[in-house]
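J.: For reference, the sequence and a predicted model appear below.
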Amino acid sequence: MNKIKNFFKMWLIPLLLIIIMTDCEERRGITSPTISTPYTVTLSSTPSAGGTTSGSGTFNSGSSVTVTATPNSGYTFTNWTENGIFVTSSISYQFTIRGNRTLAANFTTVAPTQYTVTLLSIPSVGGITSGGGAFNSGSSVTLTATPNSGYTFTNWTENGTAVSTNTSYTFTISGNRTLVANFTTGSSTQYTITLSSTPSAGGTTSGSGTFDSGTLVTVTATPNTGYTFTNWTENGVVVTSSISYQFTISGNKTLVANFTVVSPTQYTVTLLSIPSVGGTTSGSGAFNSGASVTVIATANSGYTFTNWTENGTAVSTNASYTFTISGNRTLVANFTAGVPTQYTVTLSSTPSTGGTTSGGGTFNSGSSVTVTATPNSGYTFTNWTENGIVVTSSISYQFTISGNRTLVANFTTVVPIQYTVTLLAIPAAGGNTSGGGAFNSGSSVTVTATPNTGYTFTNWTENGTAVSTNANYTFTISGNRTLVANFATAGSGSQAGVNLGSSARFAALSASAITNIPTSSITGDLGIHAGARSSITGFVLTPDASNTFSTSPEVTGKVFASDDAAPTPAMLIAAKADALAAYLDATAAVRGTPTPISGNLNGLTLVPGLYESGTSIQISPGGFLYLDAQGNNNAVFIIRSATSITTEATSEVVLTNGAQAANVYWAAGSAVTLGTNSKMKGTIIASTSISLLTGARLDGRTLIQGAAAGQISLDHSTIVRP
C-alpha cells in the first residue's frame, strides 16, 4: 500500500500539474515561437592559390550577408560568379539571403616584372662573385664575394658608392643593378691624389686623398660663376674633358682642373626725351645680361615728368626706373609742359552698321594716339580716311597728335556663300534630328540626333561613310552636306540615351546666374533662362550687333541671357523646359529597376545601365570611377542621386572600352560639386546648383533643370561639350 502511495506522489501528481499548466497557457494565447528557415552560403576560390574568402556560413532567411575576397600576392581579384554566371566585380559583395548560395571568387595571375643583377670584381684577380642573374621585382637577392688567396674583401660599390662592407649582401630588388666587389691585397700599397685649379678663382675640386692601390677613385671639378670647366690635365697632358673623372689608382697622381672665363652677353640701353626740350635722361649704355639697370629722367623748368614708354607702351611712371636687363632696350622719357595744349580726335563709321571704332577723345599735344576699327559680322574693314583722303589701310592707326582730327573708318559689305545641311533619320521611327538648314560658309554647325524610347543612337554617316559616333556632331561648313542619323533598337537590359532636346546645344545652362573666376574655357553655348546678362559675371562679354547673344574670349560658342533680343528669351525658356524633361526622362520609372549604389564610388567599375542612390554619392580625393562600355561605343550610363553628387579633389571618371561622354548622364536631386582639379565625364542635370572648383574639367554639359535661384559656378574651369 505504501508503494502505491509513493507512486502517486512521484509520478501522477507532477503529470497532472504539467497538464494543468499547458491548458492555462493555451487559454492565455501563449504559443511556441516560430523558427526561422536557415540557409547556407558556401564560398570557394578559383584558382585555390589565388586568394582567400570570408563571410560563409549559415544565416536566417532575410539576413544581410557580406562576403569578401582577398587576393594573394601575385594575383588580382576578378569577380564573383554563381554557377558560372557573373554576379559582381566588387571585392565585397552584400546581399539579402533567400536561399542557399554557392559563390566562387575568381582571381587572375599578375605577371611579375623582372630585373637583372650584374656582378664585377676589381681587380678581376682579387676574387669571385656569385648571386647575379634575373629576378622578379620585390624578390630578396643575396650576393656573395669570395676573395682569392692573398686578397681580402673590401666592399660592394654601385656607381662608385659603397653599399655594403659585408661579403654577403642581401637586398630587395626594384630595378636593374650593377655591383662591384672590391678586393685588396694582403698588405695594400697606398697612393696619393693631389688636386688643384687653374686659375685658382675658376672653380673648386673634390676627391683628393690617400687610397689603397687598385681603388676606384672619382675626382670632380665645379666651376665658379663666370667660368666653365675645360679639362683635367696631368703634367700638362689632357687626361679627360669630363667634369667627373673616374679611374683605378695604381700610383701617385697630380691632377689639374682647368677652367675658362665665360664672356658675358651685353645689351644696350638707349634713352630719348619727348619733347627734347622737356628734360634730360641718364643711365644709358652697355650692360652685362642680368645686370640691374637704373635710368633717371630729370624734367626741365616748365615741364613735369609723365612716364617712361617703350614702343609706345608705358613701362613706369617713376622718374627713376630700375629693371634687370635681358635684351636691348630703347626707352623714351615723356615730359608734359606746365599747361599742355589739347586736341580732339573724332571717329565715325561708314556705313554706321559696318563696324565700331575706339580710341577717340581729347589728348595732350604730342601724345601718341591709337585708333582701332572693328568690323561687324558681314563686313570687312577697308581704310581710314580724313576729309575723304586715305590715311592708312591698317585697322589700327597710331600717330602723334598735333591738332584736331576727324577720322572715318570705312567698311565694305561681305556677301557670304551659303551651304545647306540636310538631315535624315534611319529608321525614321528611331529618333529625330535637329540643326539642319542653310549656313554661311565657314560657320560652325552642330547637328543633334535624339533617339526615341527603345532606340539608341549609332552614328552619323555621309554617303555611307561614318563621320561621327557622337550624337552632337560639330563641323565647319564648306559645302552642301546630307547627313544620316542611324539608330538601333536598344538591347535587353540596356538604356536609351536621355533626350536633351534643345538644351543639348549648351555647355552650361543655368537659371538665375553663372559666376566665373577667370580664366575658364567653355566649348559650347552658355546661357541663363531666368537671369539678365548682368547675372553672368567673371566673363568679358561683347554683345553681337543683333543683340541676340554675346561672345567672350573664354567661350567657344555663344552666350545667351533672358534680356537679349528676340528670339533668344523664347529659345531659353524652351531649353529650360527640355532640361526639365531630360531630368524626368533620366529619373522615369519606365526605365526599369535601377542597380542600387551608395556612398563612395571610388574604385568601382560600372557597366552600361541605370544606377541610383537614395542618398548622396561621391568619389573620394584622388579616386577613380571606371565606366566600361564593354566594346559598345553607343552604351548608355545613367547615374542618379536623390540628393547630391560630389567628386573630390583630383578624382576622375575614366571611360574605358568605347565609353563616350555623350552617352553618360548624371541626375542630382539637389547640388553637384566637382572638386579641385577633378575630371568628370557626361551631362550633369541638377535641381539647384552646379559648382566646378579650381581647375575642374568636365567633358559634358551642366544643366540646371529647376530652382529659379539655381546657378552654375566656375573657377579656372574647363567644360567641353561632347
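T.: Thanks, I have the structure now.

J.: where in the stretch 451-600 of the chain is pLDDT low?
T.: 454-455, 488-493 (pLDDT under 70).

J.: In it, what residue spans correspond to strands?
T.: Applying DSSP state E, counting those that start in this stretch to the stretch 451-600 of the chain gives strands spanning 455-462, 465-468, 472-476, 481-489, 506-510, 513-517, 521-523, 525-528, 536-537, 542-543, 550-552, 555-560, 595-596, 599-600.

J.: So which of those has the densest surroundings on average?
T.: Using mean count of other Cβ atoms under 10 Å, the stretch among those with the largest mean neighbour count is strand 506-510, at a mean of 28. Heads up, the C-betas are built off the backbone N, CA and C, glycines and all.

J.: Tell me the strands beside that strand, with direction?
T.: Using DSSP bridges, strand 506-510 pairs in its sheet with strand 525-528 (parallel), strand 697-704 (parallel).

J.: Mind listing residues that contact whatever helix or strand comes next after the longest one?
T.: Right, strand 697-704. Following strand 697-704 in sequence order, the next helix or strand is strand 711-715 (DSSP states H and E). Applying Cβ atoms under 8 Å, 6 or more residues apart in numbering, the external contacts of strand 711-715 come out as 508, 510-517, 520, 522, 538, 689-696, 702, 704.

J.: now strand 711-715, how far from the chain's geometric center?
T.: Put simply, strand 711-715 sits 18 Å off its chain's centre (Cα atoms, centre = their mean, to the nearest Å).

J.: can you check stretch 288-296 too?
T.: When distances are taken as Cα atoms, centre = their mean, stretch 288-296 is centred 41 Å away from the chain's centroid.

J.: before we move on, back to that, and of the strands paired with strand 506-510, who's closest to T265?
T.: T265 sits nearest to strand 697-704 of all these, at 41.7 Å, using Cβ to Cβ.

J.: Need the CA coordinates for the closest one. CSV is fine.
T.: Output of strand 697-704 as CSV, limited to C-alpha atoms (Å, rounded to 0.1, in the frame of the first residue of the first chain):
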residue,chain,number,x,y,z
ARG,A,697,37.3,69.8,-66.1
LEU,A,698,34.0,68.4,-67.4
ASP,A,699,33.7,66.7,-70.8
GLY,A,700,29.9,67.1,-71.0
ARG,A,701,27.3,69.6,-70.0
THR,A,702,26.0,71.4,-66.9
LEU,A,703,22.2,71.9,-66.9
ILE,A,704,20.0,73.4,-64.1
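
J.: Give me the angle between that strand and strand 513-517.
T.: Strand 697-704 runs at 160 degrees relative to strand 513-517, counting by axes from the mean of the first three to the mean of the last three Cα atoms, to 10 degrees.

J.: re the thing from before, between the strands of the stretch 451-600 of the chain, which gets nearest to F399?
T.: strand 542-543 (26.3 Å).

J.: Mind listing residues that contact that closest one?
T.: For strand 542-543, the surrounding residues in contact (Cβ under 8 Å, 6+ apart) are 533, 549-552.

J.: again, only this time at 6 Å
T.: With Cβ atoms under 6 Å, 6 or more residues apart in numbering as the test, strand 542-543 has contacts from 550-551.

J.: the helices in the stretch 351-500 of the chain, which residues?
T.: Counting by DSSP state H, counting those that start in this stretch, the stretch 351-500 of the chain has no helices at all.

J.: What of the stretch 1-150 of the chain?
T.: In chain order, the stretch 1-150 of the chain shows helices spanning 2-7, 13-27, with DSSP H, counting those that start in this stretch as the criterion.

J.: who touches the nearest residue to F637 once chain neighbours are set aside in this structure?
T.: Of all residues not flanking F637 in the chain, V664 sits nearest, at 4.7 Å (Cβ to Cβ, 6 or more residues apart in numbering). Residues near V664 by Cβ under 6 Å, 6+ apart: 637, 681-682.

J.: and which of those residues is nearest to P223?
T.: Distance to P223 across the contacts of V664 (Cβ to Cβ) is lowest for K681, with 52.0 Å.

J.: Can you name every helix or strand that the helix or strand hosting that closest one contacts?
T.: Element membership of K681, judged by DSSP H and E, is strand 679-686. Counting by 3 or more Cβ pairs under 6 Å, 6 or more residues apart in numbering; DSSP states H and E, the packing neighbours recorded for strand 679-686 are strand 652-656, strand 664-668, strand 672-674, strand 697-704.

J.: Using TSV, lay out the ones you listed together with distance to F439 and mean pLDDT.
T.: Output for the helices and strands packed on strand 679-686, formatted as TSV (distance: least, Cβ to Cβ, whole Å; pLDDT from 0 to 100):
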stretch	distance to F439	mean pLDDT
strand 652-656	31	96
strand 664-668	29	96
strand 672-674	34	97
strand 697-704	23	96
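
J.: mind putting those in TSV, distance to N364 included?
T.: What follows is the helices and strands packed on strand 679-686, written out as TSV (distance: least, Cβ to Cβ, whole Å):
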stretch	distance to N364
strand 652-656	57
strand 664-668	59
strand 672-674	51
strand 697-704	49
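
J.: So which of those is nearest T474?
T.: Nearest of these to T474, taken as Cβ to Cβ: strand 697-704 at 13.5 Å.

J.: Could you find the closest non-adjacent residue to A314?
T.: Closest to A314 by Cβ to Cβ, 6+ apart is N307, at 4.8 Å.

J.: what's the one you found sitting at in phi/psi?
T.: phi -170, psi 170 (degrees, to the nearest 10).

J.: contacting residues for it?
T.: Here N307 is in contact with 314, 317, 334 (Cβ under 6 Å, 6+ apart).

J.: same thing with S691?
T.: Residues near S691 by Cβ under 6 Å, 6+ apart: 673, 713.

J.: again, only this time at 8 Å
T.: S691 touches 671-674, 712-713, counting by Cβ under 8 Å, 6+ apart.
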